[in-house]
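J.: Pasting the sequence and the predicted model now:
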Amino acid sequence: MKCPSCQAKLLPVDGGLFCLQCGEAVLGGVLGDDPPARPEEATDPLLRRALRDATGGQQVFLGPESLAEARAAPAGMTAAVLAVPPVAVAARPARRRWRMVGWAVALLLVGLPAAASSVLASYYSDRVYPGVRVGGVAVGGWTFDELRSRLPAVVAKPGLVAVIDGRRQSVAVSGPVVDVAATVRQVHDVGRDVPLPAVGMLRTWLAGAVTPTYVLSDSAVNTAVQHLAAAVDRVPSDAVPMMIGGRVIVLADKPGVRLDRTTAAAAIRAAYGRSPTVSLSLVRLNATVTASDYAGELAAAQAIVSGGAQVVVKAVHYAATPEQVGSWVVFAGAGKGVTVDPAGVAAFVAGIKPAFDRVAAVNAMVAALNARQAALVTASTRRITAAPKLASGLGAGPVATYSYCVDAVASGAELASSAAAVLGTEGWTLGGRVRFVAAASGCNVALELAPAADLTALDPACEHQTTCRIHNELAIAQTAWAKPPAAWSGSAASYRVELINQVVGQWLGFDHPSCGQAGSQVPVLSAPSVVVAGCSPVWYAVPAELQDSKVLPGF
């Protein structure tokens with residue numbers, strides 16, 4: 001006979017049948033004189049317990065055929081089997097206990113995080129997740145109402161530096177206002193893009209600070225742009241021809257620059273609070289009159305000077321020097337030619353002592369010079385006339401006027417006062433042909449005291465220089481301004497005069513023989529006599545095409 005559940009062979013035990021394979025007690029019919037009808041009726045305690053544990057009180061009944069099979073079971077098996085069923089049956093409840101433990105652990109692993117997440121979600125439903133920062137302020141745990149009320153006070157104004165053509169300028173924006181609504185929305189979204197709050201909070205600790213959103217008024221941005229423009233705008237300089245020392249030269253044209261206001265305002269808005277720096281661009285402004293526009297006039301003026309002028313009175317020659325002839329040349333303007341100033345010629349003729357027809361001599365000399373011919377006039381003594389008194393065609397005042405700026409805040413008032421004294425009387429006035437005027441903004445050229453790092457920022461060639469000129473920016477090293485070199489024999493004040501004249505002379509287009517790119521040229525200037533080691537104290541004019549493409553070394 002076999003077990004109905006697993007088909008294993010059944011063994012008789014205490015008047016009943018028992019399956020060792022699956023641990024079930026099989027009851028039914030009459031097995032012996034008084035077989036047990038239920039597990040509780042088994043006479044043997046061990047069998048009774050095994051039957052109860054294995055079947056839970058359930059009974060499986062057999063038919064007559066199965067009972068007949070059971071009666072044929074070998075004799076003597078009952079005693080041998082009695083010790084086995086309790087052990088085999090006991091394994092089944094042990095597996096159930098481990099299964100229950102497993103379910104309990106699984107519930108803990110799943111249930112506790114879910115419960116904790118539910119608690120965190122409830123607590124932080126109206127609070128900022130922990131670890132969130134706005135700017136440099138930790139706001140984790142604040143309620144959103146607290147965030148709205150406290151945010152404008154705790155968020156500091158961000159700094160902003162404009163980088164313009166390699167130079168750094170602070171951007172002063174007045175009255176920036178934190179956009180509270182937009183910033184709160186940003187803070188609210190941090191860590192809430194995942195379903196589990198616990199995971200979102202973990203991410204907030206790793207996330208960077210929230211950048212506040214600022215509202216900048218149009219007037220505040222425009223004012224900041226105007227302040228920047230005042231510091232960087234440079235007016236272009238037209239070319240100016242002039243005669244110096246009997247030679248015609250040209251103070252070359254120099255382009256100006258202008259800050260693009262519209263682009264700068266948009267860039268400041270975009271960068272404010274989001275970046276410590278903003279790069280701004282300058283618009284190049286070309287001069288109206290260039291050196292090349294005066295090409296014809298320069299050639300004509302040089303021809304007048306080269307032709308010479310002299311008066312012959314009774315076989316005695318009275319010749320004008322090249323400097324004198326050059327002083328008579330009048331430039332009418334670019335493309336308008338040159339003429340000779342009759343008043344200058346009359347003054348020369350009036351200085352000749354013998355009596356002769358001075359009026360005729362003046363008219364003849366002016367006509368010859370204007371015709372680009374040698375002015376060799378033989379004066380007549382048959383008629384004696386006085387030299388005419390004529391108004392000068394040169395006009396009053398300097399030929400060239402330049403405005404200059406000095407940032408007194410950055411460079412100090414001492415540089416401004418020194419520049420005013422030097423450029424007014426001790427500098428490049430060239431006998432009244434050049435004049436410098438101080439300006440607050442919109443100047444042709446700017447002077448400043450600069451640390452070594454800023455000199456290098458102007459141009460790498462400025463490194464280790466005492467003065468440096470890049471386009472319209474004239475920089476003097478702070479260390480040189482504070483202390484003259486050991487070899488300097490004069491006072492600190494006289495050395496500062498040299499520094500200003502050195503860098504301004506370079507901007508005008510002059511340099512020293514033997515210490516520049518064109519040192520072999522004949523010097524045509526003698527003042528101001530800036531003394532530089534290894535260089536001549538006199539100056540020469542640098543060709544116009546080279547004036548804006550160099551940084552002169554040495555000083």
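T.: The structure has been received and is ready for your questions.
J.: Report the central residue of this protein.
T.: What sits nearest the mean C-alpha location of the chain, by C-alpha atoms, centre = their mean, is T277, with 4.0 Å.
J.: need the strands for the stretch 451-555 of the chain, in chain order.
T.: All strands of the stretch 451-555 of the chain, identified by DSSP state E, counting those that start in this stretch, fall at 467-470, 473-477, 510-511, 540-541.
J.: So for K389, which of those strands sits nearest?
T.: strand 540-541 (34.2 Å; C-beta to C-beta). Where you see a C-beta, it was placed from the backbone N, CA and C, and this is true even at glycine.
J.: pLDDT (mean, whole number) over that closest one?
T.: Mean per-residue pLDDT for strand 540-541: 78.
J.: Show me what that strand is packed up against.
T.: strand 510-511 (3 or more C-beta pairs under 8 Å, 6 or more residues apart in numbering; DSSP states H and E).
J.: Please state the mean pLDDT value computed over the strand it packs on.
T.: Per-residue scores along strand 510-511 average to 82.
J.: Just checking: what are the partner strands of that strand?
T.: Here strand 510-511 is paired, per DSSP bridges, with strand 540-541 (antiparallel).
J.: before we move on, the earlier item: winner for burial among the strands of the stretch 451-555 of the chain?
T.: strand 510-511 (a mean of 28; mean count of other C-beta atoms under 10 Å).
J.: so the residue nearest to the centre of the chain sits right up against V161, yeah?
T.: Yes: judged on C-beta atoms under 8 Å, T277 makes contact with V161 at a distance of 4.9 Å.
J.: Can you pull the residues that touch both of these two?
T.: Shared contacts of T277 and V161 (C-beta atoms under 8 Å, 6 or more residues apart in numbering): R168.
J.: This structure - how does it break down into domains?
T.: Under automatic domain parsing, the residue ranges defining each domain of the chain are 1-122, 127-288, 293-378, 400-546.
J.: right, and those - which one's nearest A391?
T.: Of all the domains of the chain, domain 293-378 comes closest under C-beta to C-beta, at 6.1 Å.
J.: Could you export the strands of the stretch 451-555 of the chain to TSV, including columns for distance to D253?
T.: Formatted as TSV, the strands of the stretch 451-555 of the chain follow (distance: least, C-beta to C-beta, whole Å):
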stretch	distance to D253
strand 467-470	16
strand 473-477	17
strand 510-511	16
strand 540-541	15
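J.: Tell me which of those lies nearest to A291.
T.: strand 540-541 (11.5 Å).
J.: Could you list the single helix or strand in the protein with the lowest mean pLDDT?
T.: helix 77-81 (a mean of 39; mean pLDDT, DSSP states H and E).
J.: all helices of the stretch 351-500 of the chain, in order?
T.: 358-370, 408-411, 413-421, 452-458, 478-482, 492-508 (DSSP state H, counting those that start in this stretch).
J.: Minimum distance to V316: which of the ones you listed has it?
T.: Closest among the helices of the stretch 351-500 of the chain, using C-beta to C-beta: helix 358-370, at 13.3 Å.
J.: OK, contacts around the closest residue to A121 other than its chain neighbours?
T.: Spatial nearest neighbour of A121, chain neighbours left out: P197 (4.5 Å); criterion: C-beta to C-beta, 6 or more residues apart in numbering. Shown in contact with P197 (C-beta under 8 Å, 6+ apart): S117, L120, A121, Y124, Y129, G191.
J.: which of those residues tops the neighbour count?
T.: G191 (25 neighbours; other C-beta atoms under 10 Å).
J.: That one reaches R203, doesn't it?
T.: Yes: between G191 and R203 there is a contact at 5.2 Å, judged by C-beta under 8 Å.
J.: circling back: report the contact partners of the residue nearest to the centre of the chain.
T.: T277 neighbours (C-beta under 8 Å, 6+ apart): L160, V161, A162, V163, R168, A271.
J.: related to what we said a few turns ago, how about TSV for the helices of the stretch 351-500 of the chain, with mean neighbour count added?
T.: Output for the helices of the stretch 351-500 of the chain, formatted as TSV (neighbours: other C-beta atoms under 10 Å):
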stretch	mean neighbour count
helix 358-370	20
helix 408-411	13
helix 413-421	16
helix 452-458	18
helix 478-482	16
helix 492-508	21
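J.: tell me, which of these is the model least confident about?
T.: Looking at those, the weakest mean confidence is helix 408-411, a mean of 72.
J.: still on that earlier bit, go through the contacts of T277 and flag which are in strands.
T.: The strands, defined by DSSP state E, take in V161, A162, V163, R168 from the contacts of T277.
J.: Next, count neighbours for the third one.
T.: A count of nearby residues for V163, using other C-beta under 10 Å, gives 13.
J.: contacting residues for it?
T.: V163 touches T277, V278, S279, L280, counting by C-beta under 8 Å, 6+ apart.
J.: Would you indicate which residues of stretch 336-345 are buried?
T.: By 16 or more other C-beta atoms under 10 Å, the buried positions in stretch 336-345 come out as V338, T339, V340, D341, P342, A343, G344, V345.
J.: now do stretch 384-392
T.: Under 16+ other C-beta under 10 Å, the buried positions of stretch 384-392 are A387.
J.: then that stretch to PDB, C-alphas only?
T.: Provided in PDB are the C-alpha atoms of stretch 384-392 (Å, rounded to 0.1, in the frame of the first residue of the first chain):
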ATOM      1  CA  ILE A 384      63.000 151.900 -50.400                       C
ATOM      2  CA  THR A 385      59.900 150.500 -48.600                       C
ATOM      3  CA  ALA A 386      59.100 149.100 -45.200                       C
ATOM      4  CA  ALA A 387      58.100 145.500 -44.600                       C
ATOM      5  CA  PRO A 388      54.300 145.200 -44.600                       C
ATOM      6  CA  LYS A 389      52.600 144.500 -41.300                       C
ATOM      7  CA  LEU A 390      50.500 141.400 -42.000                       C
ATOM      8  CA  ALA A 391      48.200 139.300 -39.900                       C
ATOM      9  CA  SER A 392      49.500 135.800 -39.300                       C
END
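J.: So what's the gap between it and the chain middle?
T.: 66 Å (C-alpha atoms, centre = their mean, to the nearest Å).
J.: What of stretch 202-213?
T.: Counting by C-alpha atoms, centre = their mean, stretch 202-213 comes out at 24 Å from the chain centroid.
J.: Tell me the span between the first and last residue of stretch 383-391.
T.: Terminal residues of stretch 383-391 are spaced 24 Å apart (C-alpha to C-alpha, to the nearest Å).
J.: ok, residues contacting it?
T.: 342-343, 346-347, 349-350, 355-360, 362.
J.: State the mean pLDDT of that stretch.
T.: On average, stretch 383-391 scores 90.
J.: just checking, which of the domains of the chain comes out with the lowest mean pLDDT?
T.: domain 1-122 (a mean of 55).
J.: so how far is G333 from A319?
T.: 30 Å (C-beta to C-beta, to the nearest Å).
J.: Quick one: residues contacting the residue lying closest to E426 once chain neighbours are set aside.
T.: In this structure, E426 finds its nearest non-sequential neighbour in V497, 5.9 Å apart by C-beta to C-beta, 6+ apart. Listed by C-beta under 8 Å, 6+ apart, the contact partners of V497 are S418, V422, E426, G427, P528.
J.: filter the residues you listed to the buried ones?
T.: So, by 16+ other C-beta under 10 Å, the buried ones in the contacts of V497 are S418, V422, G427, P528.
J.: ok now do the second one, which residues does it touch?
T.: With contact taken as C-beta under 8 Å, 6+ apart, V422 is in contact with R496, V497, I500, N501, V504.
J.: same check, this time on the third one
T.: G427 makes contacts with F436, V497, I500, N501, V504, P528, as judged by C-beta under 8 Å, 6+ apart.
J.: Write down the beta-bridge partners of the first one, one by one.
T.: Under DSSP bridges, the beta-bridge partners of F436 are Y402.
J.: how much space between it and S489?
T.: For F436, the distance to S489 - C-beta to C-beta - is 28 Å.
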